[in-house]
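Trainee: below: sequence and its predicted model.
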Amino acid sequence: MELLNKNMVKKQERPIKVIQFGEGNFLRAFVDYMIDIANEKGMFDGSIVLIKPIEFGELSRFHAQDCLYTVSLRGIDNGEATVKNRMIKSVSDAVGTYEEYEKYTALAHVDTLRFVVSNTTEAGIVYDESDRFELCPPNTFPGKLTKFLFERYEYFKGDPDKGLVMLPVELIDDNGMHLKECVLKQCENWKLPEGFVKWVKEACIFTQTLVDRIVTGYPRDTAEDLWKEWGYKDELCVTAEPFALWVIESDKDISGELPLDKAGLPVIFTKDHHPYKQRKVRILNGAHTSFVLSGFLAGNDIVLECMNDPMIRKFIENTIHDEIIPTLTLPREECEEFASAVLSRFDNPYVKHALLSISLNSVSKWKARCMPSFLGYIEKKKEIPSHLAFSIASLLAFYTGSEIRDKALIGHRDGKEYNILDDMKVLEFFKDNSGKETREYVHAVLSETSFWDEDLSKIPGVEEKVTEYLSVIRKNGMKAAMEQYFA
């Protein structure tokens with residue numbers, strides 16, 4: 001079977017408008033997918049050059065396939081399992097910063113270039129004072145970006161119309177603000193001219209973004225079957241869910257230059273992305289964290305199994321609609337619409353999302369994702385939210401073990417071991433406390449301020465409610481406890 005290449009398709013040459021630090025699955029199934037649609041609809045007319053920002057790895061597969069690849073969206077549409085395939089033609093080249101430094105640097109001279117997308121992981125946006133301007137390229141992503149911007153500034157002699165728009169999608173709070181801070185610190189560290197610093201501040205735009213799509217990656221188990229269906233071999237194909245959301249916050253309106261929303265894509269331009277982040281973290285991530293531990297102890301292994309369990313599904317839906325949404329700042333109608341999409345995503349038969357993988361670092365996850373809704377509900381309703389309180393008891397039941405082995409606390413479900421993974425200090429705490437009498441154990445956890453930044457045991461009624469739930473879980477098992485309270 002022939003490898004996918006440009007001779008198989010009509011690929012239109014377009015001006016380079018985007019460079020993208022990162023060639024991984026997420027960006028290719030999210031940003032590059034959207035730009036491909038905008039190009040097709042005549043709304044953008046620009047190509048993307050992928051930049052490999054690290055030394056290891058290679059780009060030979062991209063060159064072998066002329067930067068063409070297929071995105072397969074698989075999920076639920078109007079209650080039916082559907083698959084939609086699209087060949088992506090928006091990528092024109094792939095360049096390594098270390099292997100092809102001169103070619104990479106020359107991209108700073110491209111007149112049509114306007115956008116810089118990045119996904120260098122959460123650890124990518126960091127300032128390192130030991131990074132050096134003389135390196136080709138500098139070690140860090142902010143260092144590489146700073147030097148790239150300086151190259152552009154000098155080449156175009158400080159033309160304010162040649163500034164670039166940064167679109168970082170790294171999953172950290174206020175990603176654009178932090179990236180800009182790192183660039184400006186690097187400017188100071190490298191003693192770059194004041195004129196350049198002014199150009200970065202005034203001619204360049206650092207957006208803050210929120211992105212949402214589950215990208216399941218290369219379909220290793222089914223790739224050959226897909227190739228037979230498509231009629232070509234594609235070693236870069238990537239699978240993802242249909243749902244997507246890209247929220248972009250910027251001081252200056254860039255929606256006219258990047259009209260993805262006008263192409264019918266799920267992109268929101270806003271002056272404040274925080275309410276949308278609150279909605280995602282509380283509803284999507286918060287729902288996950290609130291049920292995965294109880295779902296696992298009730299005998300399930302993946303999210304889809306929980307959704308197919310009527311009792312757990314009811315628990316999830318009631319948690320979202322009755323206890324989380326009432327605490328959010330966006331209009332309820334918007335939150336309900338998002339919640340409906342979240343439940344549909346949990347129902348996706350193509351995503352086998354393991355509960356144990358979601359359980360990683362559940363203590364800090366509960367604090368970030370569930371505690372704001374828990375406290376917000378108590379403040380607003382003057383009562384304890386039963387489902388979220390039960391999720392605390394479930395966390396305590398899950399984090400029960402007396403032995404740490406291979407950096408994991410060993411828990412037991414139906415006589416079989418499972419690994420509880422968290423920071424070692426957290427695991428040590430639960431090893432020392434989870435064997436205590438129920439009320440004493442609950443008090444120890446709720447009053448541990450290093451977990452919650454406050455003493456949750458001091459909130460009237462919380463300790464009693466969690467103790468009640470955990471007592472029943474310990475006596476009768478998780479499934480029976482859920483049936484008793486939530487069936």
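Mentor: Received the coordinates, thanks.
Trainee: what segments of the stretch 251-400 of the chain are strands?
Mentor: 267-270 (DSSP state E, counting those that start in this stretch).
Trainee: span of stretch 188-206 from start to end?
Mentor: Across stretch 188-206, the terminal residues are separated by 18 Å (Cα to Cα, to the nearest Å).
Trainee: can you list contacts of that stretch?
Mentor: 129, 131-133, 146, 149-150, 153, 158-166, 168, 176-177, 179-180, 183-184, 187, 250-252, 254 (Cβ atoms under 8 Å, 6 or more residues apart in numbering). Heads up, the C-betas are built off the backbone N, CA and C, glycines and all.
Trainee: list the buried residues of that stretch.
Mentor: Buried positions in stretch 188-206, judged by neighbour count with 16 or more other Cβ atoms under 10 Å: 189-190, 192, 196, 199-200, 203-206.
Trainee: out of those residues, who's nearest residue 425?
Mentor: Of all these, residue 425 sits closest to residue 189, with 33.6 Å by Cβ to Cβ.
Trainee: which pLDDT does the model give the closest one?
Mentor: Listed pLDDT for residue 189 reads 98.
Trainee: would you mind measuring from it to residue 62?
Mentor: 34 Å (Cβ to Cβ, to the nearest Å).
Trainee: off-centre distance for the helix or strand where residue 199 lies?
Mentor: Per DSSP states H and E: residue 199 is located in helix 194-203. Chain-centre distance of helix 194-203: 31 Å, with Cα atoms, centre = their mean, to the nearest Å.
Trainee: and stretch 187-197, by the same measure?
Mentor: Centre to centre, stretch against its chain (Cα atoms, centre = their mean), the figure for stretch 187-197 is 33 Å.
Trainee: quote the end-to-end distance of that stretch.
Mentor: Note: stretch 187-197 ends 7 Å apart using Cα to Cα.
Trainee: surely residue 144 meets residue 138?
Mentor: Yes - using Cβ atoms under 8 Å, residue 144 is in contact with residue 138, at 5.3 Å.
Trainee: ok, back up a step: any chance of CSV for the buried residues of stretch 188-206, columns distance to residue 403?
Mentor: Below are these laid out as CSV (distance: Cβ to Cβ, whole Å):
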residue, distance to residue 403
189, 47
190, 51
192, 55
196, 57
199, 59
200, 53
203, 59
204, 53
205, 53
206, 48
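Trainee: tell me the one of those residues nearest residue 119?
Mentor: residue 206 (15.4 Å).
Trainee: tell me what the closest one is bridged to.
Mentor: Judged by DSSP bridges, the bridge partners of residue 206 are residue 166.
Trainee: got the confidence number for it?
Mentor: 98.
Trainee: one step back: restricted to strands, list the contacts of stretch 188-206.
Mentor: Judged by DSSP state E, the contacts of stretch 188-206 include 165-166, 168 as members of strands.
Trainee: for the residue of the chain most remote from its centre, grab phi and psi.
Mentor: Here the chain reaches farthest from its C-alpha mean at residue 437, the gap being 38.4 Å by Cα atoms, centre = their mean. With angles defined as degrees, to the nearest 10, residue 437 sits at phi -60, psi 150.
Trainee: measure it to residue 391 for me?
Mentor: 22 Å.
Trainee: again, but for residue 127
Mentor: 37 Å.
Trainee: so the two - more neighbours on which side?
Mentor: residue 391 (27 against 17; other Cβ atoms under 10 Å).
Trainee: ok, the more buried one touching residue 365?
Mentor: No - contact status for residue 391 versus residue 365: not in contact, 10.8 Å apart, counting by Cβ under 8 Å.
Trainee: joint contacts of these two?
Mentor: residue 289.
Trainee: how about the helix or strand in which residue 226 is found: buried residues?
Mentor: Following DSSP H and E, one finds residue 226 within helix 223-230. Residues of helix 223-230 classed as buried by neighbour count (16+ other Cβ under 10 Å): 226-227, 230.
Trainee: domains for this structure, by residue range?
Mentor: 6-271, 275-486 (automatic domain parsing).
Trainee: and the last one, end to end?
Mentor: Taking Cα to Cα, the first and last residues of domain 275-486 lie 30 Å apart.
Trainee: how far does it sit from the chain's center?
Mentor: 20 Å.
Trainee: contacts for whichever helix or strand residue 104 is part of next, please.
Mentor: Using DSSP H and E, residue 104 falls within helix 101-106. Here helix 101-106 makes contact (Cβ under 8 Å, 6+ apart) with 51, 95-97, 136-137, 148, 151.
Trainee: which parts of that helix are buried?
Mentor: So, applying 16+ other Cβ under 10 Å, buried residues of helix 101-106: 104-105.
Trainee: likewise for stretch 331-342?
Mentor: 335, 338-339, 341-342.
Trainee: how about stretch 289-297?
Mentor: For stretch 289-297, by 16+ other Cβ under 10 Å, it's 289-297.
Trainee: out of those, which comes closest to residue 235?
Mentor: residue 292 (33.4 Å).
Trainee: close enough to count as contact, that closest one and residue 357?
Mentor: No - using Cβ under 8 Å, residue 292 is not in contact with residue 357; the gap is 9.2 Å.
Trainee: please list all residues in contact with the residue nearest to residue 51 when sequence neighbours are not counted.
Mentor: Computed as Cβ to Cβ, 6 or more residues apart in numbering, the closest residue to residue 51 that is not its neighbour in sequence is residue 21, at 4.9 Å. Residue 21 sits next to 51, 53, 116-120, 141, 144-145 when contact means Cβ under 8 Å, 6+ apart.
Trainee: min pLDDT across those, which one?
Mentor: residue 120 (91).
Trainee: may I have the phi/psi pair for the residue nearest to residue 367 when sequence neighbours are not counted?
Mentor: Excluding its sequence neighbours, the residue lying closest to residue 367 (Cβ to Cβ, 6+ apart) is residue 452, at 5.7 Å. As for residue 452, its main-chain torsions (degrees, to the nearest 10) stand at phi -120, psi -10.
Trainee: please apply the same query to residue 84.
Mentor: According to degrees, to the nearest 10, residue 84 has phi -130, psi 120.
Trainee: now residue 331
Mentor: Backbone phi and psi, for residue 331 under degrees, to the nearest 10, turn out to be phi -50, psi 140.
Trainee: hmm, back to that, I'd like the buried residues of stretch 331-342 as JSON lines, with distance to residue 403 and pLDDT appended.
Mentor: Shown next, in JSON lines, are the buried residues of stretch 331-342 (distance: Cβ to Cβ, whole Å; pLDDT from 0 to 100):
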{"residue": "335", "distance to residue 403": "42", "pLDDT": "97"}
{"residue": "338", "distance to residue 403": "41", "pLDDT": "97"}
{"residue": "339", "distance to residue 403": "39", "pLDDT": "97"}
{"residue": "341", "distance to residue 403": "41", "pLDDT": "94"}
{"residue": "342", "distance to residue 403": "36", "pLDDT": "96"}
